[in-house]
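Trainee: Sequence and predicted structure are below.
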Amino acid sequence: MVSQEQRRRQLAREKFLRQQQRRTSARRKARTRNAAIASVLGVILIGSVALYTTGVVLKDDDDKTNANAEVTPSPSASKKAEDPCDKPAEGKVKTQTWKKEPAMTIDKSAKYAMKLSTTCGDIGIDLKTSAAPHTVNSFNFLAGKGFFDHTPCHRLTTNGIFVLQCGDPTGQGNGGPGYNIPDENLKDKSLKKNTYPAGTIAMANTGQPNSGGSQFFLVYQDSPLPPSYTPFGTISEDGMTVLKKIAAVGESTGAGDGAPNATVVIDKATVSKS
């Protein structure tokens, strides 16, 4: 016969075993729950990375309307350097547009020059009037209307191709004068081996023939590009110094294609007959 003391000890052991079973079960459930949480967090993290990557790719696809969409971004980020440029002059961007290309008013046999007075310094350009008369005539017209004044240069590429893109009054890369001009001078002798040499100014376009408007790009280092963008001028030595100063502080994304870190604004654009 089991004594009272033995019975008490047996009950104590059974109680202890039940407690151990409950603790083991609780630990098992906790491990399962933590594993599930970790799995969900992993999916969220992977999804976030995928969304971010997709956003970058879509941005590049959207940018194919710009002249230098062929640039291959680098994944490395760069530290933003000190802005080397001055504050923009007071004034507002003009929003006027026109339905058709302006009538030809320039003397095709004369020499013309353009000066971009920017917050980072003056950029002088000798225009190729006889080789690109429609382009030079359009710039003469737009500059005379103050179209470029107070507009930002919205894009800098520092990887693959090396250009500063300007001429969009919206500053977003999708603005223009309301009309298009024809492609010109695509067989310029300077365009060798599908390369736009440093010192070239050329028209941006949508990727379609004869789709140039007011956006243009300034090449500060030899850039591999197909001869699809009207080269219409040569940048002065002082202008190249300004461009290299702008390029030296990089662009906003750190990926080689974005808004310049420098505050590049065209305070005034002028075209003159020389």
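Mentor: Sure thing, it's come through.
Trainee: what lines up beside the top strand by length along the chain in the sheet?
Mentor: Among the elements of type strand in the chain, defined by DSSP state E, the one spanning the most residues is strand 265-273. Strand pairing for strand 265-273, determined by DSSP bridges: strand 112-118 (antiparallel), strand 151-152 (antiparallel).
Trainee: Among these, which comes closest to residue 128?
Mentor: Among the strands paired with strand 265-273, the nearest to residue 128 by Cβ to Cβ is strand 112-118 (9.1 Å). The C-beta positions use only the backbone N, C-alpha and C, and glycine is treated the same way.
Trainee: Quick check: buried residues in that closest one?
Mentor: Of the residues in strand 112-118, those with enough neighbours to count as buried (16 or more other Cβ atoms under 10 Å) are 112, 113, 114, 115, 116, 117, 118.
Trainee: Ok, which of the strands paired with strand 265-273 comes nearest residue 224?
Mentor: Across these, closest to residue 224 is strand 112-118 (Cβ to Cβ), at 24.9 Å.
Trainee: any chance of the strands paired with strand 265-273 in TSV, plus mean pLDDT and distance to residue 100?
Mentor: As requested, the strands paired with strand 265-273 are exported to TSV (pLDDT from 0 to 100; distance: least, Cβ to Cβ, whole Å):
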stretch	mean pLDDT	distance to residue 100
strand 112-118	98	22
strand 151-152	98	22
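Trainee: tell me which residues in the longest strand of the chain are buried?
Mentor: The neighbour-count criterion (16+ other Cβ under 10 Å) identifies 265, 266, 267, 268, 269, 271 as the buried residues of strand 265-273.
Trainee: Tabulate the buried residues of strand 112-118 (a markdown table), appending distance to residue 222.
Mentor: Shown next, in a markdown table, are these (distance: Cβ to Cβ, whole Å):
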| residue | distance to residue 222 |
| --- | --- |
| 112 | 25 |
| 113 | 23 |
| 114 | 22 |
| 115 | 24 |
| 116 | 21 |
| 117 | 26 |
| 118 | 22 |
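Trainee: Mind telling me the two of the residues you listed farthest from one another?
Mentor: For these, the maximum inter-member distance is 19.3 Å, found between 112 and 118 (Cβ to Cβ).
Trainee: Skipping adjacent residues, who's closest to residue 216 in space?
Mentor: If you skip the residues right next to it in sequence, residue 216 has residue 167 as its closest partner in space, 4.8 Å away by Cβ to Cβ, 6 or more residues apart in numbering.
Trainee: Identify each of the helices in the protein and give its residue range.
Mentor: Taking DSSP state H to define them, one finds helices in the chain at 4-62, 133-144, 237-248.
Trainee: what number of residues lie near the nearest residue to residue 259 once chain neighbours are set aside?
Mentor: Using Cβ to Cβ, 6+ apart and skipping residues adjacent in sequence, the residue nearest residue 259 is residue 252, 4.5 Å away. Using other Cβ atoms under 10 Å, the number of residues around residue 252 comes to 13.
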